[in-house]
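[1] Generate coordinates for the sequence data below:
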Amino acid sequence: MKRTKPTVNIEIYAELQKLTNAVEKLTLKVGEASIKQEGKYINVKEFTERYKYSSQWQKANRGLIKNKLPYYQNKPGGVIRYKISEVDEWMAKKKKGKEHN
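    Below you'll find the model as predicted:
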């Protein structure tokens, strides 16, 4: 019985190792993406789609003296951005306040 060289098995092992490493990296990236989602920023249109409140409602609540809708704007007249986690927290507080009135 003739023996084959083990190099074929080593090559297969090396390829499997590369694939395993690639899968591990992708798994980490998916995990990081879900963490980044919590810190994701959205614009006025995305806010309207997500929360079902118009741009006029958003503007009015950004302009409140107390308990303003949290937002970010680089410069006056610039693009408005909202951090999803902050808006969710603000909405929960606002809803809780209405329940106590």
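
[2] any idea how far Asn21 is from Ala14?
    Distance of Ala14 to Asn21, given as Cβ to Cβ, to the nearest Å: 11 Å. Where you see a C-beta, it was placed from the backbone N, CA and C, and this is true even at glycine.

[3] Same check on Lys95?
    As judged by Cβ to Cβ, Lys95 and Asn21 stand 46 Å apart.

[4] Equivalent analysis for Asp88, please.
    With distances taken as Cβ to Cβ, Asp88 is found 36 Å from Asn21.

[5] what about these two, which has more around it?
    Taking neighbours as other Cβ atoms under 10 Å, Asp88 and Asn21 compare with Asp88 leading, 14 against 10.

[6] In three-state terms, label the more buried one for me.
    helix (DSSP: H, G, I helix; E, B strand; the rest coil).

[7] Look at it and report its pLDDT.
    With respect to pLDDT, Asp88 scores 94.

[8] do the same with the one 4 residues further on
    Reported pLDDT at Ala92 in the predicted model: 94.

[9] got it, and Asn101?
    Looking at Asn101, its pLDDT stands at 53.

[10] Please apply the same query to Glu32.
    Per-residue confidence (pLDDT) for Glu32: 60.

[11] Perfect, I'm done here.
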